[in-house]
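Undergrad: Structure of the sequence below:
(chains A and B)
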Amino acid sequence: MPTQEASAERGPWALALRRFLRNRLAVAFLGVFVLIVLFVLAAPLWAEHVAETGPNQTHTVEQITVDGEKRDVVSVEGKPIGPQWFGAGGKFFLGADSRLGRDEMVRLMYGGRVSLLVGISAALLSVALAVILGLLSGYLGGRTDAVIARTLDAIWSLPVFLIGLAVGIALAVGGLELGPLKLSGGSLLIPILIISIFTVPYTARPIRGQVLALSRKEFVEAAVAQGAGPLRVMFGEILPNLASTIIVFFTLMIANSMIFEAGLSFLGAGVQSPNSSWGTMISVGEELLNIQPLLAILPGAMIMLTVLSLNIIGDALRDALDPRGKARMDAALQLEAQAGATGDGAAVLP
Amino acid sequence: MTRFVVRRLFGMAVVLFAVSVIVFVVFMVLPQQNPAQSLAGKNATPLLVENIEEEWGFDRSLPAQYATMMKKVFTGGLVQYEPRIAVDDEIVKRMPATFSLTIGAAVIWLFFGLLLGYLSAIRAGGWLDRILTGVSIAGISIPVFLLAPVMIFIFANQLEMFPNGQYVPFGEDPFEWANHLILPWVTLAILAIGFYSRVLRSNMLDVMNEDYVRTARAKGLSERRVMTRHVLRNSLIPVITLFGLDFGATIAGTAIITEAIYDINGVGLYAAEAVEKFELPPIMGVTLYGAFFVVLMNALVDIFYAYLDPRVRLGESATE
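TA: Numbering: from 1, shown residues only, chains lettered A, B, ... in the order given. The predicted structure is shown next:
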């Protein structure tokens, strides 16, 4: 525990950072997460300079030279070539993806971009919505609170994955037209919107509880006495106090959204072609499970590694930002317990 | 109690209505494309589209369209158009596979989850405790779409111990039924065992501090009897509730993906195939029936919980 003098000298953020850095496991997994991000960011470099192909470029009837010997990218029976590592100068490093003969490594890098992009955007949107709803509901109370809280409860009790699947496929087939917002069926915004809306209650409910507690504090009373309006109290006084909760939930929600996206995309109701994510790659690879098992397992393992890192980082952030918190259970487990106990399910998420 | 039941059932009705409205809006109102075209499928003839338009009354007002949809759903009028098959019949036909998968998996995860949770609670802080912490974190971090392919690869393709999925009806051959389902059962169960053991463990540790446990020890009961009769029994109530909810959630989530990977001919695979072919009527049917089933189960679980633990229903009426 930091001593009193130390806490007086350093700000709370510096102390939290120190506590976080003391958690070796979390720091290691932060490293893993950074590596994953660098891996997907390097996609165009690898594609252009090493693999010399794009993620959607097919090589159905081509041959590559491996150690002076010519090999089919896709065999006559339709079997894609296995991992070549650097045998062909980095081409087909992990082999080809299917009878279409696309470069698996390039697809893994580009697919990761889509997975992370959808996961981060959905988490950002979801947490932003949750903060606004939680503030309105918790601070204004009365009817506003009743309407928002009941709506959140209703979403919470839905089987979100099943309904997300239905919404995903209906919009993928027909596109979306909502006032000025027009999206074609293949737009990445469709899975992002679906995931963010259905996951709002995860964050909104705890935030509302916290806002309720903060509203009764003296500093809020003081602000009101000085003549601050509700908007200024909510966003100027209460919001800064929610920062640590927001950071923790944002991290966990990225993991949650990525799992949601992968489940939808695996079934074909998430990311639509020409885009592909790790989830869609699993469904392509799964058909060749008995001849090239890596094609299904690699993208799945990438998802797991990313999600695991984020869960561990989120957990450590919670410990670091709220060292006296009573919750000793892992943050992610707790998220699931809250969900399970009231009927929805983080447990539903595959 | 009656008051609690009525309130809960009313809440359930509201959620069910909300589900049906979401489905209606998403399938009929939001899409840019003519919904009749979407319902008909990719290769529909203009004549079929016209027929569907008339059948579903897309020229009428939205409430009338909603009424038509609900009438179709509840009277078995929901059909997929190419080939023309009643969605209800197909779902009923595939239900045994889905329930075989989910009930079997639930039995396994409950048994091992409770056993391991009990063992780690009576030796809190021991090595089993630490292993279970790891297992439960892994359980929530390994997605089913990774675990299932890995299991198939190891146990079906490499070791050839089990078939790589598919479904054999129980009536046809009970042994083959179980043999084909072992891998999918274990896959679903592994994801939940760690979590359940942790929940039971923390409940038991809470209950151990209760006064009646001290009383039981004071009157000279054996440690084993105190643990099983007093601590375990009282720790099970929340676990049972959680189980009811997770079971519904599994049917409406993880089981769909599990069926798709293991090629188990259940309702989830039906939905997955429909998604692949962009066939909307089966998805509409599976979603509505599935959501109704889950919401109904959640309500029943809540009522059961209130029945077991009077504090829940009393708290409910006390806050009013």
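
Undergrad: Pull out the buried positions in the helix or strand harbouring B:Ala178.
TA: Using DSSP states H and E, B:Ala178 sits in helix B:174-207. By 16 or more other CB atoms under 10 Å in any protein chain shown, the buried positions in helix B:174-207 come out as B:177, B:180-204, B:207. Quick note: C-beta positions are derived from backbone N, CA and C, even for glycine.

Undergrad: got it, and stretch B:260-277?
TA: Residues B:260-262, B:264-275 are the ones in stretch B:260-277 that count as buried (16+ other CB under 10 Å).

Undergrad: For those, work out which two are farthest apart.
TA: Largest separation among the buried residues of stretch B:260-277 by CB to CB: B:Tyr262 and B:Ala274, giving 17.8 Å.

Undergrad: For burial, what's the neighbour tally of whichever residue of chain B sits closest to chain A?
TA: Nearest to chain A in chain B, going by CB to the nearest CB, is B:Pro31, at a distance of 2.5 Å. Neighbourhood size, B:Pro31 [other CB atoms under 10 Å in any protein chain shown]: 22.

Undergrad: in a strand, that's where it is, yeah?
TA: No. When classified by DSSP: H, G, I helix; E, B strand; the rest coil, B:Pro31 is found to be coil rather than part of a strand.

Undergrad: Tell me who's in contact with the nearest residue to it once chain neighbours are set aside.
TA: Computed as CB to CB, 6 or more residues apart in numbering or on different chains, the closest residue to B:Pro31 that is not its neighbour in sequence is A:Gly174, at 2.5 Å. With contacts defined as CB atoms under 8 Å, 6 or more residues apart in numbering or on different chains, the neighbours of A:Gly174 are A:185, B:30-33, B:35, B:37-38.

Undergrad: pLDDT at residue 18, what is it?
TA: By default, I'm working from chain A. pLDDT for A:Arg18: 91.

Undergrad: Oops, wrong one, chain B.
TA: On pLDDT, B:Ala18 comes in at 90.

Undergrad: so it makes contact with A:Ala154?
TA: Yes. Using CB atoms under 8 Å, B:Ala18 is in contact with A:Ala154, at 5.3 Å.

Undergrad: before we move on, what SS does A:Trp13 have?
TA: helix.

Undergrad: tell me, how many neighbours does it end up with?
TA: Residues lying near A:Trp13 (other CB under 10 Å) number 12.

Undergrad: one step back: out of the contacts of A:Gly174, which are buried?
TA: A:185, B:30-31, B:35, B:37-38.

Undergrad: which is the next helix or strand following the helix holding B:Ala178?
TA: Assigned by DSSP H and E, the successor of helix B:174-207 is helix B:211-218.

Undergrad: Just the buried positions in that following helix, please.
TA: Buried, per 16+ other CB under 10 Å, within helix B:211-218: B:213, B:216.

Undergrad: What is the distance between the helix or strand following it and the centre of its chain?
TA: Helices and strands here follow DSSP H and E; after helix B:211-218, the next one along the chain is helix B:223-225. Its chain's average C-alpha position is 35 Å from that of helix B:223-225, according to CA atoms, centre = their mean, to the nearest Å.

Undergrad: which other helices and strands contact helix B:223-225?
TA: For helix B:223-225, there is no helix or strand it packs on, judged by 3 or more CB pairs under 8 Å, 6 or more residues apart in numbering or on different chains; DSSP states H and E.

Undergrad: what does the average pLDDT come to for it?
TA: 90.

Undergrad: cool, stretch A:164-175 as well?
TA: On average, stretch A:164-175 scores 91.

Undergrad: got the CA coordinates for it in CSV?
TA: C-alpha atoms of stretch A:164-175 as CSV (Å, rounded to 0.1, in the frame of the first residue of the first chain):
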residue,chain,number,x,y,z
GLY,A,164,-28.6,-9.8,-32.9
LEU,A,165,-28.3,-12.7,-35.4
ALA,A,166,-31.8,-11.9,-36.7
VAL,A,167,-31.2,-8.2,-37.0
GLY,A,168,-27.8,-8.8,-38.6
ILE,A,169,-29.1,-11.0,-41.3
ALA,A,170,-32.3,-9.0,-42.0
LEU,A,171,-30.2,-5.8,-42.5
ALA,A,172,-27.5,-7.7,-44.4
VAL,A,173,-30.2,-8.8,-46.9
GLY,A,174,-32.2,-5.6,-47.1
GLY,A,175,-29.8,-2.8,-46.0
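
Undergrad: my hunch is that A:Thr65 is in a helix, does that hold up?
TA: No. Going by three-state DSSP, the assignment for A:Thr65 is strand, not a helix.

Undergrad: OK, contacts around it?
TA: Residues near A:Thr65 by CB under 8 Å, 6+ apart: A:71, A:88.

Undergrad: so how far is chain B from it?
TA: Using CB to the nearest CB, to the nearest Å, one obtains 30 Å as the distance from A:Thr65 to chain B.

Undergrad: Buried residues, the lengthiest helix in chain B. List them.
TA: In chain B, with assignment by DSSP state H, the single longest helix is helix B:87-122. Neighbour-count burial for helix B:87-122, counted by 16+ other CB under 10 Å, picks out B:87-88, B:90-91, B:94, B:96-98, B:100-102, B:104-106, B:108-110, B:112-114, B:116-122.

Undergrad: hmm, back to that, could you tell me which ones among the buried residues of stretch B:260-277 also sit near chain A?
TA: With respect to chain A, and counting by CB under 8 Å from any CB of the partner chain, the subset of those in contact is B:260-261, B:271-272, B:274-275.

Undergrad: From those residues, which land in helices?
TA: Taking DSSP H, the ones among those that sit in helices are B:260-261, B:271-272, B:274-275.
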